[in-house]
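Trainee: structure for the following, please:
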Amino acid sequence: MSKDPLFEQIREACAEVARRAQYVRIDDQNLDQLAAILSRERPRVPDLDPGRREFGDRDTTLAHVITLNAINFGSGWFPKLRKHAGRSGYLTISHGLRERFEKEGPWTASQLIELRASDCAQTFGQDLEGPAGELMGLFAQALNDLGAFLHREHRARFAGPVEAARGSAAALVEILAQMPLYRDVSIYQGFEVPFYKRAQITCADLHAAFRGKGPGAFRDFDDLTIFADNLVPHTLRMLQVLVLDAALDATIEREEEIRHDGEAEIEIRAVALHAVEQIVASCHRRGWKVNAGYVDNLLWTRGQSPEIKARPRHRSRCTFY
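Mentor: From the prediction side, this is the model:
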């Protein structure tokens, strides 16, 4: 159990959702078998994510991680995007941003405030019409919010939020969650279920990009949970660790949208988070002291495989994943 109250709250809320869940359950036997395999093989995670690679200087790397995670959402729209060959929706966006940084450098906080949907469409190679245009508008809103937040709270410096966190991932999550589109908290049967996917993954990406030093040094790094999205739960579903209600499973297979903040969508994310907590605990009992973020990365990477990508995953349109 995490020592920080924020991470405890996330874990406890998701455990309670798993206890009450009607649409999603954990197959304990398959979960234990997966933990046994992971503990035996102790796989390394390949570097597939351009968001976790450093640039030539500290400031550009920091600006890139912060900027990317301001728009690290859109999976509900990704099937409608124009994708780069062989790349998923996320990798299309992340590579597009990286190419922009490599050619022109970071946007300043002032430039972020002025960005429009058309600027985002140009950067990421998308249309302004239809669902892709809707997502580009939300990207512009998120980047405008980031620029205004940096100006208002941190003297227009990307380093400001990280410095204010003083080496605490929990503090950085709470700082970033001051921006509305980071406030990833659902209400399930009358109680709050916080996920903070994008704020948490910002900490993980900083840790990876800076190799756990400087802006990537967090004393509570191992307390991070998974970054609850739609791919990690899908991977767990394909591995038969998560078992979905037949009607919900059929809805996903028909590629119908799942309503964000509906009970089924909350359960998919929360039960996946709780399942990974159990996987981590099982790995620890077997002598592998892995953390939830590492297991998340293993499952996310496994989710890039053709056999898993061939099956539909749940899609919900929101600004949190």
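
Trainee: can we go C-alpha only for contacts and neighbour counts from here?
Mentor: Fine.

Trainee: which residues touch Val24?
Mentor: Neighbouring residues of Val24 by C-alpha atoms under 8 Å, 6 or more residues apart in numbering: 18, 242-245, 264, 267-268, 271.

Trainee: distance of it from Met136?
Mentor: 32 Å (C-alpha to C-alpha, to the nearest Å).

Trainee: next, format the contacts of Val24 as TSV and append neighbour count and distance to Pro194.
Mentor: Converted to TSV, the contacts of Val24 look like this (neighbours: other C-alpha atoms under 10 Å; distance: C-alpha to C-alpha, whole Å):
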residue	neighbour count	distance to Pro194
Ala18	24	14
Leu242	22	20
Val243	17	22
Leu244	20	22
Asp245	13	23
Ala264	20	16
Glu267	23	12
Ile268	27	14
Val271	25	13
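
Trainee: tabulate those (a markdown table), appending secondary structure, pLDDT and distance to Lys197.
Mentor: Compiled in a markdown table, those are given as follows (DSSP: H, G, I helix; E, B strand; the rest coil; pLDDT from 0 to 100; distance: C-alpha to C-alpha, whole Å):
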| residue | secondary structure | pLDDT | distance to Lys197 |
| --- | --- | --- | --- |
| Ala18 | helix | 98 | 18 |
| Leu242 | strand | 98 | 19 |
| Val243 | strand | 98 | 22 |
| Leu244 | strand | 98 | 22 |
| Asp245 | coil | 97 | 24 |
| Ala264 | helix | 98 | 18 |
| Glu267 | helix | 99 | 15 |
| Ile268 | helix | 98 | 14 |
| Val271 | helix | 99 | 14 |
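
Trainee: kindly reformat those as TSV containing distance to Leu128.
Mentor: As requested, the contacts of Val24 are exported to TSV (distance: C-alpha to C-alpha, whole Å):
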residue	distance to Leu128
Ala18	40
Leu242	37
Val243	38
Leu244	36
Asp245	37
Ala264	31
Glu267	33
Ile268	31
Val271	36
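
Trainee: which among these gets closest to Asn291?
Mentor: Val271 (17.2 Å; C-alpha to C-alpha).

Trainee: does the closest one touch Arg25 like I think?
Mentor: Yes. Counting by C-alpha atoms under 8 Å, Arg25 is a contact partner of Val271 at 7.1 Å.

Trainee: what sits in contact with each of those two?
Mentor: 18, 242.

Trainee: all the helices of the stretch 201-321 of the chain, residue numbers only.
Mentor: Using DSSP state H, counting those that start in this stretch, the helices of the stretch 201-321 of the chain run over 231-238, 246-253, 263-285, 292-302, 306-309.

Trainee: what's the answer for the stretch 51-200 of the chain, then?
Mentor: Under DSSP H, counting those that start in this stretch, the stretch 51-200 of the chain gives helices at 58-70, 89-104, 109-114, 117-124, 130-154, 159-165, 169-176, 197-209.

Trainee: using TSV, lay out the ones you listed together with mean pLDDT and distance to Glu256.
Mentor: TSV is the format used below for the helices of the stretch 51-200 of the chain (pLDDT from 0 to 100; distance: least, C-alpha to C-alpha, whole Å):
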stretch	mean pLDDT	distance to Glu256
helix 58-70	97	26
helix 89-104	95	18
helix 109-114	98	34
helix 117-124	98	25
helix 130-154	98	15
helix 159-165	98	38
helix 169-176	98	31
helix 197-209	97	23
